[in-house]
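Participant: Predicted model and sequence follow; I will ask about them next.
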Amino acid sequence: MRYVWSLLAFLVGLVPLIAPLAPEPHWTLTVATALWIAGLVWLAPRKPEWALLLTAPLFAVNNLWAQAITTFVVFAACRRIDRMGRLWALLGIMTVLQGGFSQIQESYRSMPLWEALAGAVLGSVFFVLFPAVSGMLLGRRRPMVRLLQERNEYLERARALTAASARSDERAHIAGEMHDMLGHRLSLISIHAGALELTTASKAPQLHEQAELIRTTSSLAMAELREILGVLRTNPEPESLDEDTGTRSDITALVDASGSALDWSGDDLHGADPRTRRAVHRVVREALTNAAKHAPSARTRVQVAVQGGRVRIQVLNGPSSEGPGKGARRGLVGLEERVGLLGGSFSAGPPVEGGFRVAADVPLHPQAQADQASVEVQEVPPLLAAEVLTVPRVLGGGCLGLLALVPIAGALVVLLLFTLLNPTQMNAPYFDSLKVGVTPEGEVYEQFGVGVLGVDGCSRFRTSHNPDLAYKLCFREGVLSSKEQERP
């Protein structure tokens, strides 16, 4: 893409060959300056310091089109210089050099010094200051965007790791509970199998081997279960599961301890799966704990409905006068994991009327195959694209850059139209008829246009009989002040 911009800069630099300004530069200088500005456009991204300094010689040649392209060189170079002190020093040196080279132009010798200095200052504002400030703003955008991307990635990773850690802890806790429950059942089987083995040894010898096989298999199953699930346990002493866990009496005790209200509809949960009862207990307890922590002054209501083979729990607290507390949501993530493993649904968030609501829907008898493999761990969300973070800054910097681009481009377009459309050829008889101090300016412009305007304010008109001769007419206060013939 850099070569494309260089080619466009070269073509723009050749415009004076078809639309020259007075004094008309030699074609070799025009081609040389076009090549020079094309090289600077290519050099600016690689060597921005040298590109800035090498723009100065262009102002010694009357090629305003090539000089206009220096605004893009300044813009591209200032984007890539990080040290502010060094950048401003280079811009100061560049401005002085441009002003010095601009004094070399032959056309400045006919102008007062103060006008030349005023033009140099005005040119520095449009050719240096505006594009430099715009480039600096966009240049500072890149490290800021990189920092925002890294921070966004860190926060997303931290959130994902927190959720994954909560899920892992909850799965390990569930594994510990299953270890205790199944271990207890397998222990009973092993004990009864041992008694059966002793009985069959004397009373039914033909069944002794089967009884011994049952005892040894149950013992082996219990050992393997403890070996596999035991490594997942993060809490060496998980909460015990008794006959009342998750039942109406258990939930009533939790609600009364927190000073909340309970609405229970449907049967009790004595006949429900132990995993369901544990999930009901954990959902209510975690929700009440969060309500007491984040909204201590709010009223909390617990609703439990048992019907259609499912139990639905909802814990709702109203708005609180205290500010909402901040948490990692590890408890809620763990509840979601637990309920999901049982084939249920879980939701937590603020309702429309305010406050906070925790809701869960769990089957009374979940399927045995609803295990850890049935729940996929949520992946890290995709990172914000750089364009999303940078478009506002690009627009801001671009608006500032337009302050330099629009006036320069507009002036060049106007000069180009004047040069191409105005009839600039004047015949000798009409030139001889012009009288200094008498001929009005409007009369000449109505017949021949403004000609080719020079930096000295005079108009040049080509002659109709000699292409190597030009008529120079200067006007002051609306009348002809001087006329002369000159060689371009």
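Facilitator: Looks like it arrived, so ask away.
Participant: Past the worst-scoring helix or strand of the chain on mean pLDDT, which element shows up next along the chain?
Facilitator: Ranking every helix and strand in the chain by mean pLDDT, DSSP states H and E puts helix 386-421 at the bottom, with a mean of 56. In the C-terminal direction, the helix or strand that comes right after helix 386-421 (DSSP states H and E) is strand 425-426.
Participant: List the contacts of that next one.
Facilitator: With Cβ atoms under 8 Å, 6 or more residues apart in numbering as the contact definition, strand 425-426 has outside contacts at F448, F461, R462, T463, S464, Y471. For every residue, glycine as well, the C-beta is placed using N, CA and C.
Participant: for the protein, what spans make up the strands?
Facilitator: Ranges of strands within the chain are 261-265, 300-307, 310-317, 345-349, 356-363, 425-426, 452-453, 459-463, 470-476, 479-486, based on DSSP state E.
Participant: Show me what the first one is packed against.
Facilitator: If I follow you right, that is strand 261-265. Contacts defined by 3 or more Cβ pairs under 8 Å, 6 or more residues apart in numbering; DSSP states H and E place strand 261-265 against helix 248-258, strand 300-307.
Participant: Any chance of the ones you listed in JSON lines with distance to W264 as columns?
Facilitator: Listed next are the helices and strands packed on strand 261-265 as JSON lines, based on distance: least, Cβ to Cβ, whole Å:
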{"stretch": "helix 248-258", "distance to W264": "6"}
{"stretch": "strand 300-307", "distance to W264": "5"}
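Participant: Could you identify the most distant pair in the contacts of strand 425-426?
Facilitator: With Cβ to Cβ as the measure, no two of these lie farther apart than F448 and T463, at 11.4 Å.
Participant: more crowded one of these two?
Facilitator: F448 (20 against 17; other Cβ atoms under 10 Å).
Participant: Relative to T439, how far out is that one?
Facilitator: Going from F448 to T439 by Cβ to Cβ, to the nearest Å gives 12 Å.
Participant: Quick one: mean pLDDT for the lengthiest helix in the chain?
Facilitator: For the chain, the helix that runs over the most residues, judged by DSSP state H, is helix 130-203. The average pLDDT within helix 130-203 is 74.
Participant: do stretch 472-481 as well
Facilitator: 87.
Participant: now swap in stretch 33-44 and tell me
Facilitator: pLDDT averaged over stretch 33-44 gives 87.
Participant: Show residues contacting it.
Facilitator: In contact with stretch 33-44 (Cβ under 8 Å, 6+ apart) are residues 2-3, 5-7, 9-14, 25, 50-51, 54-55, 57-58, 61, 63, 66, 69-70, 72-73, 76-77, 80.
Participant: Please pick the buried ones from these.
Facilitator: Using 16 or more other Cβ atoms under 10 Å as the burial test, these include 5-6, 9-10, 12-14, 25, 51, 54-55, 58, 61, 63, 66, 69-70, 72-73, 76-77, 80 as buried.
Participant: what sits against Q367?
Facilitator: The contact partners of Q367, taken as Cβ under 8 Å, 6+ apart, are G343.
Participant: Could you check the pLDDT of it?
Facilitator: Looking at Q367, its pLDDT reads 78.
Participant: any idea how far R275 is from it?
Facilitator: Distance, Q367 to R275, using Cβ to Cβ: 11 Å.
Participant: Ok, E484 next?
Facilitator: Per Cβ to Cβ, E484 is found 107 Å from R275.
Participant: who's more crowded, those two?
Facilitator: R275 (23 against 10).
Participant: what number of residues lie near the nearest residue to the more buried one once chain neighbours are set aside?
Facilitator: Nearest non-adjacent residue to R275, counting by Cβ to Cβ, 6 or more residues apart in numbering: L342, 5.9 Å away. A total of 22 residues lie near L342 under the criterion other Cβ under 10 Å.
Participant: My read is that L342 contacts P363, right?
Facilitator: Yes - if you go by Cβ atoms under 8 Å, L342 and P363 touch, sitting 6.6 Å apart.
Participant: which residues are common contacts for these two?
Facilitator: By Cβ under 8 Å, 6+ apart, L342 and P363 have these common neighbours: T276.
Participant: Tell me the one of the contacts of strand 425-426 nearest L434?
Facilitator: Using Cβ to Cβ, these come closest to L434 at Y471, 8.7 Å.
Participant: Tell me if I'm right that that closest one and L480 touch.
Facilitator: No - assessed by Cβ under 8 Å, Y471 is found out of contact with L480, at 11.3 Å.
Participant: These two: which has the busier surroundings?
Facilitator: Neighbours were counted for Y471 and for L480 using other Cβ under 10 Å; Y471 has more, 23 against 19.
Participant: Looks like T247 contacts D268 (just checking).
Facilitator: Yes - judged on Cβ under 8 Å, T247 makes contact with D268 at a distance of 5.5 Å.
Participant: OK, contacts around E484?
Facilitator: Counting by Cβ under 8 Å, 6+ apart, E484 touches Y471, K472.
Participant: Can you check the pLDDT for it?
Facilitator: At E484, the pLDDT value in this model is 88.
Participant: do you know how far it is from G442?
Facilitator: E484 is 21 Å from G442, by Cβ to Cβ.
Participant: Domains in this structure, by residue range?
Facilitator: 2-150+386-421, 241-384, 425-486 (automatic domain parsing).
Participant: First residue to last residue on the last one, what's the distance there?
Facilitator: Spelled out, it's domain 425-486. 14 Å (Cα to Cα, to the nearest Å).
Participant: could we number from 55 for the rest of this?
Facilitator: OK, 55 is where the count begins now, so the last one is domain 479-540.
Participant: ok now it, how far from the chain's centre?
Facilitator: 59 Å (Cα atoms, centre = their mean, to the nearest Å).
Participant: How about stretch 523-542?
Facilitator: On Cα atoms, centre = their mean, the centre of stretch 523-542 falls 60 Å from that of its chain.
Participant: cool, and stretch 260-274?
Facilitator: From the chain centre to the centre of stretch 260-274 is a distance of 67 Å (Cα atoms, centre = their mean).
Participant: Show me what the mean pLDDT comes to for it.
Facilitator: Stretch 260-274 carries an average pLDDT of 81.
Participant: doesn't V393 make contact with A333?
Facilitator: Yes - at 5.8 Å, A333 counts as touching V393 under the criterion of Cβ under 8 Å.
Participant: Need the residues touching each of the two.
Facilitator: By Cβ under 8 Å, 6+ apart, the residues touching both A333 and V393 are A414, V416.
Participant: burial measure for the spatially closest residue to A110 that is not a sequence neighbour, as a count.
Facilitator: Nearest residue to A110, sequence neighbours excluded (Cβ to Cβ, 6+ apart): L151, at 3.5 Å. Number of residues near L151 (other Cβ under 10 Å) recorded here: 17.
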